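K.L.:
Structure for the following, please:
(2 chains)
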Amino acid sequence: MELRLTVNGAQVSGDVEPRTLLVHHLRTALGLTGTKVGCDTSSCGACTVLLDGRSVKSCTVLAVQADGCEVTTIEGLADGDELHPLQAAFHDHHALQCGYCTPGMIMAAVSLLRERRPLDDAAVRRGLEGNLCRCTGYRGIVEAVLAVAASEDARPGAAGAAVAR
Amino acid sequence: MTRLSETPGRVGTAVGLSVERVDARDKLAGKAEFTGDLHPPFMLYGAVLRSPYAHALIEHLDVRGAQDIDGVVAVLTGDDLSDIDPYYGHALRDRPVVAIGKVRFVGEPVAVVAAVTQAIADAALAAIEVSYEPLEVAASVDAALAPGAPLIHEGAVRPGLAHGLGTLPEREGNICYSYGFSRGDTASAFDTAAVVVEGEYRFPAVYQYSMETHTTIAHHRGDDIVVWSSCQHPFLVRQEISELFGLALDRVEVIVPYLGGGFGSKSYTKMEPLTVAMSRKAGRPVRILNRVDESMVTTRRHNMKCRMRTAAGADGELVAREVEMWLDTGAYADNGPRVTATAGDAAPGPYRWRAMDVKAHCVYTTTSPSGSYRAFGSTHVQWIGESQVDEIARRLGLDRLEVRRANLLGRGEEVRPGAKGVDADLVGDIEKVAAAIDWGAPRGPNRGVGVSIGLLAAGAHPVSMATVRLGPDGGVTVLVGTTELGQGARTVMGQIAAEVLGLESSRVRVIGTDTAYTPYDRSTGASRSTTVAGKAVEEAALDVLDALLETAADVLEVDREQLTIGGGAVAGGGRTMSYEQLVQKRFGLAGGELIGHGRVQPRGGSGGFADGPVFWEICVAGAEVEVDTETGVVTVLRTSSVADVGRAINPQLIERQDEGGALQGIGNAMFEEMRFNDDGLLLNDTLLDYRIPSFEDVPASMACTIVENGDGPGPFGAKGCGEGVLAGLPAAIVNALADAGVAMTELPLTPERVWNQIQKQRTVEPKERT
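P.N.:
As a prediction, the model looks like this:
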């Protein structure tokens, strides 16, 4: 089937077998291997990407379901050499070890930060519960997300807009 | 303690600092490559046909239907291995590359399809015809040891290439290995003891769950083999592949990209022989990437049955202990013998005894094979021994911490004959974890606290080499065979080299392992990397520094003793020259580099590597829990641990790794359990049914204290860390729950088990419990 996507801001199109999962299309056809496959049962969240701005587990989305949509993967998050604030916060809080869960975890956190305010420790834990990490004790991840939330909330106007949504 | 800046030639530029992970940016940007991200030209995709039976003869196997499918390039079966000796296993050479005539667990590979897409390979499995003649199953230790149990392996024991256990005994029925020791007169010690505590205990099978499943790409090119694999011990994999396929070591190249976690699950040889064999048949590179359910039956932690009794005097003196345990190694030994011996060594705990008798058995069953998992052996047995120490204190009306203070081994005291004495301050360590959970403070009903301490023989075999290169632009590259599996090895190795050379660690690059270029390193496990490989890196960097100073003395025309280093330059006689200038002076403007070599070996060289173990990793933790007596639900309120590391090369890496270990300890203690039914079928082989700790399982408070006594044999007095808490915390949780009124003899502490125990205690001997 013909498939048109906007991936990390670039338009891509091509033929895809209807049964192809979005994660395999991203990794194999588009070479975007930053998104990982963990479990195939939507338990681990390693494959999380943004579909029209909202996080999805790309192992449970058919590529053709994303036709016409905008997909953001971990590769599309940084602005050139400048890390996205969440990437920078994960860096500063040592919120990663092996790094296998990290791309999915960050994409889920991007979505959480857009969707929910106020965020406290419990809300971050609940919001990211669909993503697993076996190396860290999760604490660095929670700290990183809260740090970004705090700095966004401190920006004039930003917190109010998020709450209103 | 000597400050780094007071050490000649060292200025404190890197060691002791929580510098950024060298791999962080690539991992955060999605650029870090794992084995499954690689795609060599003409690579085929493998799919594995696995046995549905736990124990059966293969009557008939016909793969022609699969071979005829468009896109299938080749199909591998045991018949393809008749020209080689197709058995491997680093401890016992008991496992065929692919089933030959017989299967011994549900999930054992029976055939492999290699095809041009994964979908074709997966679909082709259905076209393979196979029929089995089921044999009697022995899916537990009890079943495998029962009179008349089916023999799972026949023929003589064949030692593997890297068991490290001396002369291996012959099998006794399904017992593939036994370990034990005895000292003193246990019989009389028990006869005269004031208190004896005894019981039978059960420890569950657990899945390591590294998030990246076992993944291997192999290319057998006729006279050489290239393997890319998610493996922790590339040099041992190279050795087994070389032996299996009859090629010289230098014709086998093992390349290790980043690992998505390991925790022991990727130690030794796993999917590599099968993938190489498939590539040999197909004549092209082949990738085999396990699903989670496939990785779960590739390796797991041993479940165990244990009988233990401990005797003490009226004053709380620990006098004697008897232990017998049976570890379920599944259908193939994997690392079972080593796990069994380590569990035996951990059974006494770090106490003075008059008499001790330990027997540990490694038992074949028709379940999936068991191997290494973080803090193996100690995790199995520490919670049992420590719960008996607590029970002794309770019966004697003594403080549990005080009993430990009185009985713990002091620095230098013998742990066991012929081994290194205690190399840590054990009383200091346990006092810290107790203080962190407010030991002795009043607490509400149904709450309890517990502490535990144990010793884990760490460091494995101390053989590591390293090379450090100082290039003509002053940049440094470290070549070391340690695998980066998330623990931060590349960061720490870079810090060590940077410190020696007086550089900031950002000037040092540490590259991944490729056995064709990286110097030999025995393995990445047993908390050995910082201590052993790190020492080799330190020596290699010192070797470079030596060459630099020699050049500088020559160029600056001053004695070496008058030279100082700092900021990437050498100063002396009123002049300063950068490393860049010195390298160019030495070789001329065209370039060149200074290359240093370092090595660690059991005897000779520097460092304390003559006696085993390399060091004792201290497994110490505290916990506070609350139990809901109506539902049996136990909540871990807070935890504490000590990372007794000698010297913290990177404190934040240590704390974060300790947190991760603590959470694995909570999983192991509270709910993780692989459940096999009587037919040997794994009932919970997905992450939906086998739950690992999530965000919601993190206790409200987790305290990690780093202890730096400079008493390790590694660089700057360092020793390893990261495993101890996994053995320490389940024991502390069990003790805390007993303190809250529920004494458990089986893990994990599921609500059902705890509730049943509460009901049992309410009806049986209520006055025995004080």
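K.L.:
so what does the helix ranked longest in chain A touch, helix or strand wise?
P.N.:
Using DSSP state H to define each element, chain A has its longest helix at helix A:139-154. With contacts defined as 3 or more CB pairs under 8 Å, 6 or more residues apart in numbering or on different chains; DSSP states H and E, the secondary structure elements packing on helix A:139-154 are helix A:85-92, helix A:102-115, helix A:121-127, helix A:158-164, helix B:651-670. For glycine as for every other residue, the C-beta is placed from the backbone atoms N, C-alpha and C.
K.L.:
Can you pull out the low-pLDDT segments for chain A?
P.N.:
Counting by pLDDT under 70, the low-confidence segments of chain A come to A:157-165.
K.L.:
Single out the residue in it that lies closest to chain B.
P.N.:
Nearest to chain B in chain A, going by CB to the nearest CB, is residue A:34, at a distance of 2.0 Å.
K.L.:
who are the neighbours in contact with the closest residue in space to that residue that isn't next to it in sequence?
P.N.:
In space, and not counting its chain neighbours, residue A:34 is closest to residue B:30: 2.0 Å by CB to CB, 6 or more residues apart in numbering or on different chains. Residue B:30 makes contact with A:32-35, A:73-75, A:103 under the criterion CB atoms under 8 Å, 6 or more residues apart in numbering or on different chains.
K.L.:
circling back to that earlier point, how about the helices and strands packed on helix A:139-154 in a markdown table, adding mean neighbour count?
P.N.:
Output for the helices and strands packed on helix A:139-154, formatted as a markdown table (neighbours: other CB atoms under 10 Å in any protein chain shown):
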| stretch | mean neighbour count |
| --- | --- |
| helix A:85-92 | 21 |
| helix A:102-115 | 25 |
| helix A:121-127 | 17 |
| helix A:158-164 | 12 |
| helix B:651-670 | 25 |
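K.L.:
among the ones you listed, which is nearest residue B:321?
P.N.:
helix B:651-670 (22.2 Å; CB to CB).
K.L.:
what are the phi and psi angles of residue B:53?
P.N.:
Main-chain dihedrals, residue B:53, degrees, to the nearest 10: phi -110, psi 150.
K.L.:
didn't it look like it was pressed against residue B:131?
P.N.:
No: here residue B:53 does not reach residue B:131: they are 10.6 Å apart, not a contact under CB atoms under 8 Å.
K.L.:
Quick check on the two: which one has the bigger neighbour count.
P.N.:
residue B:53 (23 against 11; other CB atoms under 10 Å in any protein chain shown).
K.L.:
now that one, nearest residue through space, not along the chain?
P.N.:
Taking CB to CB, 6+ apart as the measure, residue B:53 lies nearest to residue B:132, with 5.1 Å between them; neighbours along the chain are not counted.
K.L.:
separation between the one you found and residue B:366?
P.N.:
13 Å (CB to CB, to the nearest Å).
K.L.:
Tell me which of those two has more neighbours.
P.N.:
Legend: neighbour count by other CB under 10 Å for residue B:132 and residue B:366, higher for residue B:366 (29 against 18).
K.L.:
who's in contact with that one?
P.N.:
Taking CB under 8 Å, 6+ apart as the criterion, residue B:366 is in contact with B:54-55, B:104-105, B:137-139, B:144, B:150, B:152, B:331, B:680.
K.L.:
Regarding it, what is its secondary structure?
P.N.:
State at residue B:366, reduced to three classes by DSSP: H, G, I helix; E, B strand; the rest coil: coil.
K.L.:
Paired strands for the helix or strand harbouring the residue nearest to residue B:53, with orientation please.
P.N.:
With secondary structure defined by DSSP states H and E, residue B:132 is part of strand B:129-134. Sheet neighbours of strand B:129-134, with direction, are listed as strand B:56-62 (antiparallel) (DSSP bridges).
K.L.:
what residues does the stretch 451-600 of chain B put near chain A?
P.N.:
Contact residues (CB under 8 Å from any CB of the partner chain) of the stretch 451-600 of chain B with chain A: B:485-488.
K.L.:
Can I get those in a markdown table including pLDDT?
P.N.:
Compiled in a markdown table, those are given as follows (pLDDT from 0 to 100):
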| residue | pLDDT |
| --- | --- |
| B:485 | 96 |
| B:486 | 96 |
| B:487 | 96 |
| B:488 | 96 |
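K.L.:
Just name the closest of the residues you listed to residue B:433, please.
P.N.:
Proximity of those to residue B:433 (CB to CB) peaks at residue B:487, which lies at 22.0 Å.
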